[in-house]
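Visitor: Just to be clear, the model below is a prediction. Sequence and coordinates:
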Amino acid sequence: MRKTIRLFALCAALPLALASLTGCSNVASASTPETTKSQSETPAKETATGGENGHSSNRLQDILNRGYIEVATEPAFAPNEFIDPTRQGDEQYVGSDIELAKYIADKLGVELRLKPMDFTSVLGSISTGKYDIAISALAYTPARAETMNLSKGYYFGDEDPQKAYGILIRKEAAGQIKTIDDLADKTLVVQSGSIQELFVNEQIPACGKLNRVSSTNDALLMVQEGRADAVAAALRMAELYLDANPESGMMILPDFYFTVDPDTQGTRIGIPKGEDQLTDRINEIIDEVIEQDLYNQWYNEYREYAKKLGIEM
């Protein structure tokens, strides 16, 4: 599961806070504005009165009344959500999460309107109530649960969660970086707001500098190009990246895995805080998806899809 935490990124004071929470002497961040959105730019229906953020207190009814649901996603995390460059318009956005979004819209009897953007904006759009839901390989974190409703988990994978997240380095640095203790004077990069960022804050004793970027792809490229020494990542995605980029010169740091709290397991949907009726309906749909084992089928299908496209993830 990706990409992963992030409401921290909304706080201007976060870089200093992160520096104090970790042994990293410097913390840098890079933000990316929302990317070009899908065909409709109409924001979710707002009312002059009602619940928090100016929205009515029953967003589910709003969605049904207006006839469409707006779903925020970052299409840069295959096989969950990514771009097929051979397609155009909304058809270019594919992946297991996109199939889930279509399924939810179909069950609600409304049109799906995808809102592609960077991951920090995905989280911000839900915490502020700008869009209806976020389907973007979100993991549970306590901080995230304070700012949005989180659905039941809909994907748990077949991998050992205690071996799901780790560190990538350049092969040429294997002699200098053998354990995480060797990061004390190195530059570590992580996707801002991801579950990996939480793991770094809690489990990396020290690093010379911590860079936070808007996408895992950017983080991987920084290490590949020598602008950082190591990147924290979901290892399944990392393996896909290495398979698609055999000349990257990168490798997974052997014998190291981040420890995963059971509460973080399961990919979830983000929903504006307090929208309990919408959350309940989403959870009912997730129950159907799990009962029919649909998401696992979609995930496996799009994992192969991404491999055939040679997507650089």
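Guide: Good, I have the coordinates.

Visitor: so where do the strands sit in the stretch 151-300 of the chain?
Guide: 165-170, 187-191, 209-213, 230-234, 250-252, 267-272 (DSSP state E, counting those that start in this stretch).

Visitor: Ser96 is nearest to which of the ones you listed?
Guide: In terms of CB to CB, the element of these nearest to Ser96 is strand 267-272, at 9.3 Å. (C-beta placed from N, C-alpha, C; glycine too.)

Visitor: contacts for the closest one?
Guide: 1, 52-53, 55, 59, 72, 80, 122-123, 126-127, 129, 132-140, 144, 148-156, 278-279, 282, 286 (CB atoms under 8 Å, 6 or more residues apart in numbering).

Visitor: Next: stretch 142-158.
Guide: By CB under 8 Å, 6+ apart, stretch 142-158 touches 1, 5-8, 96, 100, 123, 126-127, 134, 138, 140, 164, 198, 236, 263, 265-276, 278-279, 282-283, 286-287, 289-290, 295-296, 299.

Visitor: are any of those residues buried, and which?
Guide: In the contacts of stretch 142-158, burial by neighbour count holds for 1, 5-8, 96, 100, 123, 126-127, 134, 138, 140, 164, 198, 236, 265-275, 278-279, 282, 286, 289-290, 295-296, 299, counting by 16 or more other CB atoms under 10 Å.

Visitor: Tell me which of those fall in helices.
Guide: Counting by DSSP state H, the buried ones among the contacts of stretch 142-158 place 96, 100, 123, 126-127, 198, 236, 278-279, 282, 286, 289-290, 295-296, 299 in helices.

Visitor: where does the stretch 151-300 of the chain dip in pLDDT?
Guide: For the stretch 151-300 of the chain, no stretch has pLDDT under 70.

Visitor: Apply 80 and report the result again.
Guide: Residues of the stretch 151-300 of the chain that meet the criterion pLDDT under 80 lie in 262-264.

Visitor: hmm, back to that, and of the ones in helices among the buried ones among the contacts of stretch 142-158, the nearest to Lys171?
Guide: Arg236 (20.0 Å).

Visitor: Nearest to Arg66, out of the strands of the stretch 151-300 of the chain?
Guide: strand 267-272 (15.3 Å).
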